[in-house]
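>>> what's the 3D shape of this:
(one chain, ligands or ions: 1)
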Amino acid sequence: MAAFTDLRRFVDRVDDLGELRTARGAHWDLEIGGVTELAQHRINGPAVLFDDIPDYPSGYRVFVNSLGSSSRTALVLGLPTGLSFRELLPLWRERSKQVSPIPMRYVEDGPVLENVFEGDGIDLYKFPTPRWHELDGGRYLGTGSFDVTIDPDEHWINLGCYRVMIEGRDRLGFYISPGKQGRIMRDKYLARGQAVPVAMSFGHDPSLFLSASVEVPEGVCEYDYAGGIRGEPVNVIRGRVTGLPIPADAEIVVEGFAYPGETNEEGPFGEWTGYYASDHRAEPVLQVKALYHRDNPIILGSPPGKPPTELTSYRGLMRSALVWEQMEKAGVPDVKGVWCHEAGGARLLVAVAITQRYSGHARQAGHVAAMCHAGAYLGRYVVVVDDDIEVTDLNDVVWAMCTRAEPEESFDLIRRAWSGPLDPRIPPERKGLNSRFVIDATRPWEWREKFPPVAEMSPELRTQITEKWAEQILGPQQPGRVPVGV
Ligand SMILES: Cc1cc2nc3c(=O)[nH]c(=O)nc-3n(C[C@H](O)[C@H](O)[C@H](O)COP(=O)(O)O)c2cc1C
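Model (predicted):
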């Protein structure tokens, strides 16, 4: 059973862990965003609860960097705290095999109904929504949020974390990248000339945020996935306007419709690639028909930006596990490691280690990692290495690339792959498609046995020397190679 099913109890647990800081008086206009960036850029930086925000009642709060440390991520995933993200990967891979979705539970009431507004009573400006980055086109209420949609044909419910900008007292602009499950559902309604029912939650237990922001397989509802992680069902209430399930314990929830043909300029917004690459474009608008919030609500914020951020740390862990699992399911044997590197926003640079078993194995691994569901969207480089390479260590990966890959033979190009407006390297007129570079940095199969030996101590000699000399020469720090940032 999870120790928390709402954001407030999670904040208490973070406090118990000694990882909570409270900031009073920071302004919603850029100051909260700036402090968040400082916290996010620090490896295992603190979670921050902002209170006494100018222009807003005391108690109306913003909580950021919820999953920005390995221990807080571990707390949500039901794993031991005090380990690095790298150390969590095998543990999460093991535990995730036991996690099976638990169906959401419908209830009649919950704290989210403490304040209910409809019609003229709706005012989205009543919350201290930050303007996160200097060039943002507006105030983004939705960053650590999720949208709830239902497929009009197959009737399964999807939760997706997509950015949401305030456009008026009862209007929200929401951007969903092409190919995302929420986008496919949304486009089905719009193509038929039908209004899209959408609910959005802006503060909730981070197991929901985490589930909504990773590539949960199609057809699996993220409420159920989060229930599986928690070990108990997520309580939901049937929304009175759309009938969509909304979290009973959420802080702030809206419901409404996006109407065909109705768009507004959304963006720019600082994004996970580290750029404002999608600029501003016409995007659908949610006409909010009902607003629900708890007393003294807390916005859960997770603004993207130049890596590393919260988004690249916990999502690096989750996506590495997913890519690994999907490679295995696709029949790639002997995968020994996968790491979606922070520098690539946990998408653009993926390193995969294998024990080579047959000719062509390395290319197979690289192409599957580049194209499986968890790895396909907006990737750029996949590097396949041998199992003596530590995939989480950028230095090791690049060393293998520099010494075992030969440009003439070791690179494959995949053209016209799944990308989108957020890709900074693709010019505006060609957004939507990019290419992938699969780099085979393994020892070439045909003469792998004759490849020059590595000029480094053998593991046996390393252990001997370390035991005898490391502390005396290097002091009490860890003598092994500790990857940067994880
Ligand atoms: C903080 C944050 C913001 C995100 N914003 C967006 C966004 O604006 N649009 C988008 O398509 N995906 C965004 N994502 C990524 C999606 O949440 C992610 O791809 C997720 O798997 C989508 O769910 P889906 O596959 O069910 O559509 C964001 C993720 C995070 C963590």
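>>> mind checking how far stretch 370-390 is from the chain centre?
17 Å (CA atoms, centre = their mean, to the nearest Å).
>>> now do stretch 172-189
17 Å.
>>> what do you get for stretch 408-424?
21 Å.
>>> can I get it in CSV, CA atoms only?
The C-alpha coordinates for stretch 408-424 follow below in CSV (Å, rounded to 0.1, in the frame of the first residue of the first chain):
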residue,chain,number,x,y,z
GLU,A,408,32.4,4.1,-42.9
GLU,A,409,30.9,0.9,-41.5
SER,A,410,29.2,1.5,-38.1
PHE,A,411,26.4,4.0,-38.7
ASP,A,412,22.9,3.5,-40.0
LEU,A,413,20.5,6.3,-40.9
ILE,A,414,16.8,6.0,-40.4
ARG,A,415,15.0,8.7,-42.4
ARG,A,416,11.5,10.2,-41.9
ALA,A,417,11.1,9.2,-38.3
TRP,A,418,8.5,10.4,-35.7
SER,A,419,9.4,13.9,-34.5
GLY,A,420,7.3,17.1,-33.9
PRO,A,421,7.3,20.8,-33.5
LEU,A,422,9.5,20.6,-30.4
ASP,A,423,12.5,19.5,-32.4
PRO,A,424,14.9,22.5,-32.4
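>>> show me what counts as buried in it.
Residues of stretch 408-424 classed as buried by neighbour count (16 or more other CB atoms under 10 Å): 410, 414, 417-423. Every C-beta, even on glycine, is put in place using the N, C-alpha and C of the backbone.
>>> that stretch close to the ligand?
No. Judged by CB under 6 Å from any ligand atom, stretch 408-424 stays clear of the ligand, getting no closer than 7.4 Å.
>>> now residue 4: which helix or strand?
Of the helices and strands defined by DSSP states H and E, none includes residue 4.
>>> what count of nearby residues applies to it?
For residue 4, the count of nearby residues is 19 (other CB atoms under 10 Å).
>>> near the ligand, which residues of the stretch 251-400 of the chain are found?
Counting by CB under 6 Å from any ligand atom, the stretch 251-400 of the chain comes close to the ligand at 302, 304, 311.
>>> roughly how far apart are the last one and residue 134?
Put plainly, it is residue 311. According to CB to CB, to the nearest Å, residue 311 and residue 134 sit 19 Å apart.
>>> which one's more surrounded, those two?
Set side by side, residue 311 and residue 134 show more neighbours around residue 311, with 25 against 10, by other CB under 10 Å.
>>> and the more buried one, how far is that from residue 143?
In terms of CB to CB, residue 311 sits 9 Å off from residue 143.
>>> in strands only, show me the buried residues of stretch 408-424.
Among these, DSSP state E puts 414, 417-418 in strands.
>>> closest to the ligand among these?
Ranked by distance to the ligand (CB to the nearest ligand atom), these are led by residue 418 at 11.4 Å.
>>> wait, the closest one sits on residue 376?
Yes. Taking contacts as CB atoms under 8 Å, residue 418 lies within contact range of residue 376: 5.1 Å.
>>> taking the buried residues of stretch 408-424 together, which two end up most distant?
Using CB to CB, the buried residues of stretch 408-424 span at most 31.5 Å, a distance reached by 410 and 421.
>>> pull out the buried residues from the lengthiest helix in the chain.
Determined from DSSP state H, the single longest helix within the chain is helix 310-329. Neighbour-count burial for helix 310-329, counted by 16+ other CB under 10 Å, picks out 310-327.
>>> sorry, back to before: adding pLDDT as columns, could you present the residues of the stretch 251-400 of the chain next to the ligand in a markdown table?
Listed next are those as a markdown table, based on pLDDT from 0 to 100:
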| residue | pLDDT |
| --- | --- |
| 302 | 98 |
| 304 | 97 |
| 311 | 92 |
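>>> what's the burial count for the residue nearest to residue 439 when sequence neighbours are not counted?
Nearest residue to residue 439, sequence neighbours excluded (CB to CB, 6 or more residues apart in numbering): residue 383, at 4.6 Å. Per other CB under 10 Å, the neighbour tally for residue 383 reads 26.
>>> quickly list what residue 383 is bridged to.
residue 351, residue 439 (DSSP bridges).
>>> what separation do you get for it and residue 428?
In terms of CB to CB, residue 383 sits 29 Å off from residue 428.
>>> so what's the closest residue to the ligand within the stretch 1-150 of the chain up against?
Proximity of the stretch 1-150 of the chain to the ligand (CB to the nearest ligand atom) peaks at residue 143, 5.0 Å away. Taking CB atoms under 8 Å, 6 or more residues apart in numbering, we find residue 143 in contact with 132, 163-164, 300-304.
>>> sorry, back to before: what residues are up against the residue nearest to residue 439?
349-352, 366, 397, 400-401, 439, 441.
>>> select only the buried ones of these in ChimeraX?
In ChimeraX, this line selects whichever of the contacts of residue 383 come out buried by 16+ other CB under 10 Å:
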select :349,350,351,352,366,397,400,401,439,441
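>>> can I get the contacts of residue 383 in CSV including pLDDT?
As requested, the contacts of residue 383 are arranged in CSV below (pLDDT from 0 to 100):
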residue, pLDDT
349, 98
350, 98
351, 98
352, 98
366, 98
397, 98
400, 98
401, 98
439, 98
441, 98
